[in-house]
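predicted model, plus sequence, below.
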Amino acid sequence: MDDLTNKASLDGGFDDIPTESAGVFRAVLDAMSHPGTMQNQSTNLHPPAPLSPTCAAVILTLVDNDTPLWLAPELMGGNVVQYLKFHTGAALVENASDAAFAVFLASDIPDLNQFQTGTAEYPDRSATMIIQIDGHGDALPINLTGPGIEYKQEFSVPGLDGKFWRKVRSNNSKFPLGLDFVFCLPEGIAACPRSSAVMLEETV
Amino acid sequence: MTQKILNADIQYRQQWMAVLAKALWSNLEEMWKDIPFSSTYTLLRKPEMGLVMVEGRTGGSGAPFNLGETTVTRCSVGLQSGEVGHAYIMGRNYQHAEIAAICDALMQSERHDEIARNVIDPLKRLASAATAKQSAKAATTKVDFFTVVRGEDE
């Protein structure tokens, strides 16, 4: 169904929008300012599959009608589109370069080069990657250093391999331009902003 | 469903949603009191208030300008039977928004005829009566300008 007349796809938002979204915003803020740390975040959201509750909480908190949203093809089916349109009012864009936020699954990482990394004058005009982690797969341990980290921060995310982290490393080498990454795990939120230097074990 | 039929459906729904939104709360409350409604429903979006910029035009062809902001309250409900109703109303009456959303949902259910007869149509009549009264009042101030034909146009 294309219109907003399907109850199943609209139910399951925040019960108390201001309080709950402020809590999630705080968690994202903490995750961003302490890269590589897990911010535990429970939520009572019931988003339609395959969207996870944590991922939905982050999207509902950050995305609104001013921020074009790009969804991975796996999320375009079912009721996810209606759910996000109803609760965020965001415009869904087909063109990845128009997106302010992109949502995809760890199991299927899209080409990251297609997203905006900002310009020298406006580094803030870049996209934020919201990645849904379902907790499957091997977790490659990496080390992060940079702002918000005293010495180095050990970090790993299930399902994200060396190939992905090498992409992040090359992205973060472009600082102050680049993408920011928010990882939505079943138990909480973690982040890797563009300011963090990524060191893979193999290169240490 | 062809585009044409869809558009007609949308237009029809727009009509009743407009009637519900523009109705005076006292009138809607009066009509709603007599409607038997006991089924439980979910508030998909609790009544919430926001600001909307009202745009105006000077004349029919003038450029749009920002007239000012107005408060708008919106609400979405889902009935147990599955219908979803939305309402956007001007002002800050949460109850009005909720009842209007329920009416919108009921208008899509099998109780369509009943709600149309007992809520929408009476509200529509009240609205057009109010408009007619207003127009009649305004019409008394109308000035007809007569000019004596001087024969220059011949």
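Now that the structure is in, tell me what you want to look at.

which ones are touching residue A:151?
residue A:145 (C-beta atoms under 8 Å, 6 or more residues apart in numbering or on different chains). Glycine gets a C-beta too; all of them are placed from N, C-alpha and C.

quick one: name the residues of chain B near chain A.
Applying C-beta under 8 Å from any C-beta of the partner chain, one finds that chain B approaches chain A through B:42, B:44-46, B:48, B:76, B:78-79, B:82-84, B:86, B:108.

of these, just say which sits nearest to chain A.
Here the nearest of the residues of chain B next to chain A to chain A, counting by C-beta to the nearest C-beta, is residue B:78; it sits at 3.9 Å.

helix/strand/coil for the closest one?
Following DSSP: H, G, I helix; E, B strand; the rest coil, we place residue B:78 in the strand state.

wait, it touches residue B:42, no?
Yes: contact criterion C-beta atoms under 8 Å: residue B:78 and residue B:42 qualify, at 4.5 Å.

if you count what's nearby, which of these two comes out ahead?
residue B:78 (22 against 15; other C-beta atoms under 10 Å in any protein chain shown).

contacting residues for that one?
Residue B:78 touches A:7, A:10-11, B:41-42, B:44, B:84-85, B:105, counting by C-beta under 8 Å, 6+ apart.

and it, bridged to which residues?
In this entry, residue B:78 is beta-bridged to residue B:42, residue B:84, by DSSP bridges.

kindly report the same for residue A:192.
residue A:181.

burial count for it?
29.

what about residue B:75, neighbour count?
A count of nearby residues for residue B:75, using other C-beta under 10 Å, gives 25.

that one should be in a strand, yeah?
Yes: judged by three-state DSSP, residue B:75 forms part of a strand.

can you give me the distance of it to residue A:113?
43 Å (C-beta to C-beta, to the nearest Å).

do the same with residue A:50
From residue A:50 to residue A:113 the distance is 25 Å (C-beta to C-beta).

comparing those two, which residue is more hemmed in?
residue A:50 (15 against 12).

and that one, what does it touch?
A:74-75, A:78, A:80, A:105.

same thing with residue A:89?
Shown in contact with residue A:89 (C-beta under 8 Å, 6+ apart): A:64-65.

which other residues reach stretch A:103-117?
Residues contacting stretch A:103-117 (C-beta under 8 Å, 6+ apart): A:50, A:55, A:59, A:69-72, A:74-75, A:96-97, A:99, A:102, A:125-127, A:129-134, A:136-137, A:157-160, A:164, A:167, A:171, A:174, A:177-179.

need the max-distance pair from the contacts of residue A:50.
A:78 and A:105 (13.6 Å; C-beta to C-beta).

shaky segments in chain A?
For chain A, the stretches flagged by pLDDT under 70 are A:1-8, A:202-204.

where does the residue nearest the centre of it sit: helix, strand or coil?
Residue closest to the average C-alpha location in chain A (C-alpha atoms, centre = their mean): residue A:130, at 1.3 Å. Recorded secondary structure, residue A:130: strand (three-state DSSP).

and the top helix by length along chain A, does that touch chain B?
Determined from DSSP state H, the single longest helix within chain A is helix A:17-33. Yes: shown here: helix A:17-33 in contact with chain B (C-beta under 8 Å from any C-beta) through residue A:17.
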